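Visitor: Sequence isn't available, so here's the structure alone:
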C-alpha cells in the first residue's frame with residue numbers, strides 16, 4: 001500500500017508541532033498518601049516535522065503511550081519524550097497530560113470526609129540535545145474575603161470563590177499535595193466538599209478574620225515558593241470570581257529562570 005505521508009513535501013515549510021490532541025487515557029500518578037492514584041487524563045503529544053516531510057505517523061503516538069501506561073513519573077515522561085523523537089525521527093518532542101487529582105479532606109469541626117478534585121497538568125518537552133523540561137501545574141480553588149469591603153461595611157463583607165494556578169519547574173520531585181497545601185494556607189480559607197453547620201460557621205468566620213485581596217493571595221503563594229530551594233522557576237496566577245462585580249479580579253507573578 002502507498003504511504004502518502006511518507007511522500008516528500010515541496011513547500012519548504014517546517015512544522016513546529018504536529019501530533020495528536022485530546023486523547024483520553026487511563027493513567028496512574030504518584031499519591032503522597034496511598035502511593036499511586038488511578039485517574040483519566042487528557043493527553044496531547046507532538047513532535048516537530050522537517051520541511052521535506054509531508055506528514056507524521058499519528059498512530060505511533062498512541063503506540064508509544066501504550067508502552068508506558070502504568071505510571072506517570074518524571075522517568076517515564078523522559079522516556080516517552082525520547083522514544084517519540086527516535087520512533088518518529090524528530091528533533092523535538094512534547095507531551096501535555098491533564099487530569100483530575102483527588103485528595104480526601106476532613107471538615108474542620110465535624111471531621112466529615114469528602115473528596116476534593118484538583119485539575120493538574122504536566123508539560124514535558126525534549127529538544128535535539130535531549131534536554132528535558134518538565135512543568136507541573138496545579139489549579140486550586142479557594143475562598144477570599146475582600147479587606148476593603150470588611151473595612152468600610154458596618155457588618156459583613158463580600159466574599160467569593162477564586163482559583164490559584166501554580167506552575168513550577170523543580171530540581172527534584174515535588175508533590176501535588178504540597179502545592180495544594182501551600183495555596184490553601186495562603187487563602188482566606190480553603191474549600192471543602194462536605195460541610196455540616198458547625199463547619200460552615202468555622203469556615204465563614206475563618207475567612208472573615210483573614211481577608212485577602214487577590215494581590216495578597218498571589219504574593220503570599222509566591223513568597224513561599226521563592227523560599228523553596230527545590231523550585232527553579234514558578235508562575236502564580238490568582239483569580240477571584242467577584243460576587244459583586246461582573247468581572248474577575250486577577251494577579252500574576254513569575255519568578256526564576258526559564259529553561
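Guide: The structure has been received and is ready for your questions. Given the structure is predicted, the values throughout are model-derived calculations rather than measurements.

Visitor: tell me which residues of the longest strand anywhere in the chain are tucked away?
Guide: For the chain, the longest strand by residue count, based on DSSP state E, is strand 15-31. If you call a residue buried by 16 or more other C-beta atoms under 10 Å, then strand 15-31 has these buried ones: 15, 18-20, 27-31. Just so you know, the C-beta spots here come from the backbone N, C-alpha and C atoms, and that holds for glycine as well.

Visitor: distance between the ends of stretch 150-169?
Guide: Stretch 150-169 has an end-to-end distance of 37 Å (C-alpha to C-alpha, to the nearest Å).

Visitor: Now that stretch: buried residues?
Guide: For stretch 150-169, by 16+ other C-beta under 10 Å, it's 150, 157, 159-160, 162-169.

Visitor: Which members of those are positioned in helices?
Guide: Judged by DSSP state H, the buried residues of stretch 150-169 include residue 150 as members of helices.

Visitor: quick one on the thing from earlier: tabulate the buried residues of strand 15-31 in CSV, adding columns for distance to residue 133 and pLDDT.
Guide: Output for the buried residues of strand 15-31, formatted as CSV (distance: C-beta to C-beta, whole Å; pLDDT from 0 to 100):
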residue, distance to residue 133, pLDDT
15, 20, 96
18, 19, 97
19, 17, 97
20, 20, 97
27, 20, 91
28, 23, 91
29, 19, 92
30, 19, 92
31, 24, 94
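
Visitor: quick one: the strands in the stretch 1-150 of the chain?
Guide: With DSSP state E, counting those that start in this stretch as the criterion, the stretch 1-150 of the chain has strands at 15-31, 35-49, 93-106, 113-126, 132-145.

Visitor: Which secondary structure elements does the second one sit against?
Guide: Identification of packing neighbours for strand 35-49 by 3 or more C-beta pairs under 8 Å, 6 or more residues apart in numbering; DSSP states H and E yields strand 15-31, helix 58-67, helix 74-87, strand 93-106.

Visitor: what does the third one give?
Guide: Contact partners of strand 93-106 among helices and strands, from 3+ C-beta pairs under 8 Å, 6+ apart: strand 15-31, strand 35-49, helix 74-87, strand 113-126, helix 176-186.

Visitor: Residue 252 and residue 237 touch, don't they?
Guide: Yes - if you go by C-beta atoms under 8 Å, residue 252 and residue 237 touch, sitting 4.7 Å apart.

Visitor: what about the two, which has more around it?
Guide: The neighbour comparison of residue 252 against residue 237 (other C-beta atoms under 10 Å) goes to residue 237, with 18 against 13.

Visitor: what's the distance between the more buried one and residue 186?
Guide: Look at residue 237 and residue 186: by C-beta to C-beta, to the nearest Å, they are 13 Å apart.

Visitor: what sits in contact with each of those two?
Guide: By C-beta atoms under 8 Å, 6 or more residues apart in numbering, residue 237 and residue 186 have these common neighbours: residue 164.

Visitor: before we move on, the earlier item: need the helices and strands packed on strand 35-49 in CSV (columns: distance to residue 213).
Guide: As requested, the helices and strands packed on strand 35-49 are exported to CSV (distance: least, C-beta to C-beta, whole Å):
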stretch, distance to residue 213
strand 15-31, 33
helix 58-67, 43
helix 74-87, 36
strand 93-106, 25
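
Visitor: Looking at these, which is nearest to residue 123?
Guide: Among the helices and strands packed on strand 35-49, the nearest to residue 123 by C-beta to C-beta is strand 93-106 (5.3 Å).

Visitor: Tell me how far the closest one lies from the chain's centre.
Guide: For strand 93-106, the separation from the chain centroid amounts to 7 Å (computed by C-alpha atoms, centre = their mean, to the nearest Å).

Visitor: can you check stretch 148-165 too?
Guide: Offset of stretch 148-165 from its chain centre (C-alpha atoms, centre = their mean): 27 Å.

Visitor: ok, back up a step: need the buried residues of strand 15-31 in JSON lines with distance to residue 217, can you?
Guide: Formatted as JSON lines, the buried residues of strand 15-31 follow (distance: C-beta to C-beta, whole Å):
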{"residue": "15", "distance to residue 217": "40"}
{"residue": "18", "distance to residue 217": "39"}
{"residue": "19", "distance to residue 217": "36"}
{"residue": "20", "distance to residue 217": "36"}
{"residue": "27", "distance to residue 217": "30"}
{"residue": "28", "distance to residue 217": "32"}
{"residue": "29", "distance to residue 217": "26"}
{"residue": "30", "distance to residue 217": "27"}
{"residue": "31", "distance to residue 217": "27"}
